[in-house]
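1. sequence? don't have it. structure:
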């Protein structure tokens, strides 16, 4: 059995697989998310999507936009807007670090994963810059080569 990448992570809710294909991830930082009760219940059911989402620093605070959390079915009228803007909970120095990183030309904040840690919702934010089409082709070629080498090592080639 393979060892878990994040041993203290309880449950992975969703991840943005396309982000690692579209961007070079230079650094990652973990942040909490300010949520309402029904949103947490919906995430506990494994619902949620960060595919279209992005993060920004506005007014000295970190925000996540387009993070889709579907309505909790049993909550009826107490549900929130599924794609409302949510505040990220971080220390001041972390927010300043992200703000300085995004001031550089071409850098953006991309949510990579949403998971629970010690009962709290956490989101992994990547400081990234976009790949060009030739970079994407190179990474696909590199992935295919490593896959072929693994096949040969196992004797299935």
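-> Received it, and whenever you're ready, just let me know what you need. Just so you know, these numbers come straight off a predicted model, no measurement behind them.
2. Buried ones in the lengthiest helix in the chain, by neighbour count?
-> Longest helix in the chain, counting residues (DSSP state H): helix 133-154. The neighbour-count criterion (16 or more other Cβ atoms under 10 Å) identifies no buried residues in helix 133-154. The C-beta positions use only the backbone N, C-alpha and C, and glycine is treated the same way.
3. roughly how far out does it sit from the chain middle?
-> The chain centroid and the centroid of helix 133-154 are separated by 24 Å under Cα atoms, centre = their mean, to the nearest Å.
4. Could you do stretch 123-134 as well?
-> 11 Å.
5. Check the burial of the closest residue to residue 119 other than its chain neighbours by counting its neighbours.
-> Spatial nearest neighbour of residue 119, chain neighbours left out: residue 10 (7.5 Å); criterion: Cβ to Cβ, 6 or more residues apart in numbering. Residue 10 sits with 12 neighbouring residues when counted by other Cβ atoms under 10 Å.
6. try the one 4 residues further on
-> Here the count is done by other Cβ under 10 Å, and residue 14 has 21 residues near it.
7. gap between it and residue 62?
-> Distance, residue 14 to residue 62, by Cβ to Cβ, to the nearest Å: 19 Å.
8. next one: residue 29
-> 10 Å.
9. shared neighbours of those two, which are they?
-> Residues touching both residue 29 and residue 62 (Cβ atoms under 8 Å, 6 or more residues apart in numbering) are 90, 98, 125.
10. Tell me which entries of those residues lie within strands.
-> Among these, the members falling in strands (DSSP state E) are residue 125.
11. Export the shared contacts of residue 29 and residue 62 as a markdown table, with columns for neighbour count, distance to residue 154 and pLDDT.
-> Converted to a markdown table, the shared contacts of residue 29 and residue 62 look like this (neighbours: other Cβ atoms under 10 Å; distance: Cβ to Cβ, whole Å; pLDDT from 0 to 100):
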| residue | neighbour count | distance to residue 154 | pLDDT |
| --- | --- | --- | --- |
| 90 | 19 | 43 | 95 |
| 98 | 23 | 42 | 90 |
| 125 | 25 | 36 | 94 |
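12. with the shared contacts of residue 29 and residue 62 in mind, which one is nearest to residue 49?
-> Using Cβ to Cβ, residue 125 comes nearest to residue 49 of these, at 15.8 Å.
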